[in-house]
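Undergrad: structure for the following, please:
(chains A and B)
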Amino acid sequence: MEVFVQQLINGVTLGAVYGLIAIGYTMVFGIIGMVNFAHGDVFMISAFISLIVFMAITAVAGFSGGVVFLALLVALVVSMVITALYSWTIERIAYRKLRGSFRLAPLISAIGMSILLMNFVQVAQGARNKPIPPIMRDTINLFERNGFQVAISYKQVMIIAVTAILLAIFWYVVQKTPLGRAQRACEQDAKMAALLGINVDRTIAVTFVMGAALAAVAGTMFLTYYGVVVFSDGFVPGVKAFTAAVLGGIGSLPGAVLGGMLIGLIETFWSAYFSIDYKDVAAFSILAIVLIFMPQGLLGKPEVEKV
Amino acid sequence: MERTEKPVINWGQLFKDGVFAAIVAFGLFALMLGFKTDQTLNNEMVLVPRPMLLWSVVGLVFLARIAIGYWQASREGRIAPPKKATALWMLKAEKYGLPMVIGFLVAYPMFVLLTAGPQGAIKWIDNFGIQILIYIMLGWGLNIVVGLAGLLDLGYVAFYAVGAYSYALFATSEPIKDFLAQLIGEGFWQAWAFWICLPVAGILAAFWGVMLGFPVLRLRGDYLAIVTLAFGEIIRLVLINWVDFSNGYAGISSIPRPSFFGVPFNATDEGFSAKFGLEFSPIYRTIFLFYVILALALLTAAVSMRLRRLPVGRAWEALREDEIACRSLGINTVNTKLTAFAIGAMFGGFAGAFFAARQGFISPESFVFLESAQILAIVVLGGMGSLLGVVIASILLVGGVELLRELDFLKLYFGDGFDPAQYRMLIFGICMVLMMLWKPRGLISAREPTVFLKEKKIVSADHVKEGHG
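TA: Numbers count the residues shown, from 1 in each chain, chains lettered A, B, ... in the order given. Below is the predicted model of the structure:
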């Protein structure tokens, strides 16, 4: 029971990170029907940007409690802006021209972009692990039974809170603003939306920007939670987040968050109760099983085969 | 080329575009290139500013944007040449180019031997010849699955791994060795292991092709790609974690090398050099390996060319164009897809067994997703379904990045810390994106129809629907 509650807390934290990345996949797939393979690497880049900003601020202003908190906040905002710029540039260069080209072209281009980003970071920042000093190590003890302490760390509280706040903002934007309306219109029928005067290109660019900004939140959280980032960190979290998007039903925003939570929980429980070595195998297996048996996901719409 | 009117170049606009691109580049690179995260001797992280690098990259982007803008503006109003001419050129290239390429490949080791001498030749035959041929073979094998049957497979490296591990495990297995030593004699297994295990590796890979192909029969397009990616990763992760079976990360070493049909390549009296009265040199083994992989690759090409004209090959191509029409015409799509997976996987298995034999050592590191992406990139860049395209793409991509290792003289300009090989995959990624922007259909994108009524018409890939398979 105690282990269960502790793992539940850990799983929800991890799930929040996956859910934030998954939104980027699901929105892009919903609106232009492509798997944005480079999204995982965009997430990795955001973690690096947070790292650099955080290090720059703490190097100048010292390493006390208040500064650390402020530095994290600034890192989060800067990372969101710059990662959004990355995603915008990627869409502009590698995907926009291929819209309406044959179906494999954007996918191949995205794989190429993923390789490019990963190796760009490797060349620019080096191939070694990049750790940050441990921060926010304090924990809140929830309860204790049979000598096992169930605790939630401030980091975890922060991750869950920030995720919840940003999801609420994001939800408001998509559901209540003209921008969100344009996005949903493009998702349903891009050609019709264009006829009704919506700038489809701009709407798609905004979708990429929003997805990247949320991935940047995930990247900053990932960095604070694990305290280390390396250039190849984009691939596996990216695939897991994509699994989350598929599990929740691709194209569905609540589905992405739900899927992220489920994947996070499955991963932590699998590591706790079965085998930590095979946790990635479990994630990949879920991906295959869901796509084969339940391609519409939990909250998605079933795809109709058109002739 | 004809022009309707002389293009007007608006320099003000070009300059504005350039400034905008430079600002974006500054935003992108200010942190990533402007600072380097480094570890001090005390394991503390420090930031090292690199303003020179940042400004030169931003300046480069500014100039590049203006150059691209100028190029685009100067092309405006130009009439594109008729499509048919290029398509005809492609058909001719496919028809005459392939025999020429094969002729060149057959003569390649001799040519290198004459120009570079026995010492220098090993590198050129091994790093370039054999390396490129492995990718050509993998490309031709994957071409059956992706190019002919239109099934997008991102986990092809799984079959490569199955082939490599089956050969490595069988050839190093003590029980088999002891059993055969009693039955036939000592040394038999060491000498013949490769030739016996090669077909076994192919069959096992084909079996795995069916095993992994069966669950994904209903999937198509991107989803198929992602599931095959997942399968490929699962196989690699199992190879890493199941240490009793595959020795995990440490891999399998001292795998027997292939023999010249029973005659080993060593310095003993029984060796190849002694038997044929030659002075001992490692070059003979390299040349022999080159011809083995060339033969295997040509076998792949021959089989896929023959299969294209058989009913099953036509069913593949029909499946690629339209699965629903295919089914309503009575084609068994289950069998059609599974044969494509099985045959494609079989050639992947052959290539894997050869790879294990050539390296003498394998580990899961060699079978990462990047390899799958690289093979798929070769097939797609070459033009799906085109055999010659795969050859050109392999030479450009694999040979091109391999050449970077040779560019040591660049150190003179960029300082000693500059290692061109570091940029291999970066350049590879850039090439993939640029190729897609320039020619999304690949280099050789037209093909001859296999079936025609009265008159052969060229099928330009632009008219063909993409594979939904």
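Undergrad: model confidence over stretch B:14-34, on average?
TA: Here stretch B:14-34 scores 90 as its mean pLDDT.
Undergrad: other residues contacting it?
TA: A:45, A:48-49, A:52-53, A:78, A:82, A:85-86, A:89, A:120-121, A:124-125, B:49-51, B:53-54, B:57-59, B:61-66, B:69-70, B:73 (Cβ atoms under 8 Å, 6 or more residues apart in numbering or on different chains). For glycine as for every other residue, the C-beta is placed from the backbone atoms N, C-alpha and C.
Undergrad: how about stretch B:296-316: buried residues?
TA: Under the neighbour-count criterion of 16 or more other Cβ atoms under 10 Å in any protein chain shown, stretch B:296-316 has B:296-298, B:300-301, B:303-304, B:307-308, B:312-316 buried.
Undergrad: and that stretch, C-alpha only, in CSV?
TA: Extracted in CSV, the C-alpha atoms of stretch B:296-316 (Å, rounded to 0.1, in the frame of the first residue of the first chain):
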residue,chain,number,x,y,z
LEU,B,296,24.6,-11.4,-52.2
ALA,B,297,23.5,-7.9,-53.2
LEU,B,298,23.2,-9.0,-56.9
LEU,B,299,21.2,-12.0,-55.8
THR,B,300,18.8,-9.6,-54.0
ALA,B,301,18.5,-7.4,-57.1
ALA,B,302,18.0,-10.4,-59.4
VAL,B,303,15.3,-11.9,-57.2
SER,B,304,13.5,-8.6,-56.7
MET,B,305,13.6,-8.0,-60.5
ARG,B,306,12.2,-11.4,-61.3
LEU,B,307,9.6,-11.3,-58.6
ARG,B,308,8.3,-8.0,-60.0
ARG,B,309,7.2,-9.8,-63.1
LEU,B,310,5.7,-12.7,-61.3
PRO,B,311,2.1,-12.7,-60.1
VAL,B,312,3.2,-12.0,-56.5
GLY,B,313,5.2,-9.0,-57.6
ARG,B,314,2.3,-7.6,-59.5
ALA,B,315,0.1,-8.1,-56.5
TRP,B,316,2.6,-6.1,-54.4
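Undergrad: tabulate the buried residues of stretch B:296-316 in JSON lines, adding columns for pLDDT and distance to residue B:114.
TA: Written out in JSON lines, the entries for the buried residues of stretch B:296-316 read as follows (pLDDT from 0 to 100; distance: Cβ to Cβ, whole Å):
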{"residue": "B:296", "pLDDT": "92", "distance to residue B:114": "25"}
{"residue": "B:297", "pLDDT": "92", "distance to residue B:114": "23"}
{"residue": "B:298", "pLDDT": "91", "distance to residue B:114": "23"}
{"residue": "B:300", "pLDDT": "92", "distance to residue B:114": "29"}
{"residue": "B:301", "pLDDT": "90", "distance to residue B:114": "27"}
{"residue": "B:303", "pLDDT": "92", "distance to residue B:114": "33"}
{"residue": "B:304", "pLDDT": "89", "distance to residue B:114": "33"}
{"residue": "B:307", "pLDDT": "90", "distance to residue B:114": "37"}
{"residue": "B:308", "pLDDT": "87", "distance to residue B:114": "37"}
{"residue": "B:312", "pLDDT": "90", "distance to residue B:114": "44"}
{"residue": "B:313", "pLDDT": "89", "distance to residue B:114": "40"}
{"residue": "B:314", "pLDDT": "89", "distance to residue B:114": "45"}
{"residue": "B:315", "pLDDT": "91", "distance to residue B:114": "47"}
{"residue": "B:316", "pLDDT": "90", "distance to residue B:114": "42"}
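Undergrad: which one of these is nearest to residue A:245?
TA: Using Cβ to Cβ, residue B:316 comes nearest to residue A:245 of the buried residues of stretch B:296-316, at 31.4 Å.
Undergrad: got the residues of the stretch 101-250 of chain B near chain A?
TA: By Cβ under 8 Å from any Cβ of the partner chain, the part of the stretch 101-250 of chain B that sits against chain A consists of B:152, B:215-216, B:218-219, B:221-223, B:225-227, B:229-231, B:233-234, B:237-238, B:241.
Undergrad: which residues touch residue B:112?
TA: Under the criterion of Cβ under 8 Å, 6+ apart, the neighbours of residue B:112 are B:121, B:124-125, B:129.
Undergrad: that one: which element?
TA: Using DSSP states H and E, residue B:112 sits within helix B:98-123.
Undergrad: swap in residue A:301?
TA: Counting by DSSP H and E, no helix or strand carries residue A:301.
Undergrad: that one contacts residue A:250, correct?
TA: No. Under the criterion of Cβ atoms under 8 Å, residue A:301 makes no contact with residue A:250, lying 9.6 Å away.
Undergrad: give the residue from these two that has the larger number of neighbours.
TA: Taking neighbours as other Cβ atoms under 10 Å in any protein chain shown, residue A:301 and residue A:250 compare with residue A:250 leading, 30 against 11.
Undergrad: could you look up the SS state of the more buried one?
TA: Assigned with DSSP: H, G, I helix; E, B strand; the rest coil, residue A:250 falls in the coil class.
Undergrad: how near is it to chain B?
TA: The span separating residue A:250 from chain B equals 9 Å under the rule Cβ to the nearest Cβ, to the nearest Å.
Undergrad: remind me what the helix or strand hosting residue A:211 packs against, helices and strands.
TA: Counting by DSSP H and E, the secondary-structure element that holds residue A:211 is helix A:200-226. Secondary-structure packing of helix A:200-226 (3 or more Cβ pairs under 8 Å, 6 or more residues apart in numbering or on different chains; DSSP states H and E): helix A:2-32, helix A:39-61, helix A:65-90, helix A:154-176, helix A:178-188, helix A:190-195.
Undergrad: so what strands line up beside the lowest-mean-pLDDT helix or strand in chain A?
TA: The helix or strand with the lowest mean pLDDT-type score in chain A, counting by mean pLDDT, DSSP states H and E, is strand A:139-145 (a mean of 75). Sheet pairing of strand A:139-145 (DSSP bridges) gives strand A:148-153 (antiparallel).
Undergrad: buried stuff in the strand it pairs with?
TA: Within strand A:148-153, judged by 16+ other Cβ under 10 Å, the buried ones are A:150, A:152-153.
Undergrad: give me the phi and psi for residue B:362.
TA: Summarising the backbone geometry of residue B:362 under the convention degrees, to the nearest 10, its torsions are phi -130, psi 150.
Undergrad: which intervals of chain A have sub-threshold pLDDT?
TA: Within chain A, the segments meeting pLDDT under 70 span A:302-307.
Undergrad: quick test: name the residue nearest the centre of it.
TA: If you average the C-alpha coordinates of chain A and look for the closest C-alpha using Cα atoms, centre = their mean, you land on residue A:21, 1.3 Å from that point.
Undergrad: count of residues packed around residue B:288?
TA: Neighbour count for residue B:288, taken as other Cβ under 10 Å: 18.
Undergrad: show me what the least confident helix or strand of chain A is in contact with.
TA: A:1-2, A:5, A:149-154, A:157.
Undergrad: cool, and stretch B:177-185?
TA: B:187-190.
Undergrad: now, among the residues you listed, which is nearest to residue A:60?
TA: Of all the contacts of stretch B:177-185, the one with the least separation from residue A:60 (Cβ to Cβ) is residue B:190, at 65.5 Å.
Undergrad: in a strand, the closest one, correct?
TA: No. Looking at residue B:190 with three-state DSSP, it is helix, so not inside a strand.
Undergrad: grab the nearest non-local neighbour of it.
TA: Setting aside the residues directly before and after it, residue B:190 is nearest to residue B:256 in space (Cβ to Cβ, 6 or more residues apart in numbering or on different chains), at 5.4 Å.
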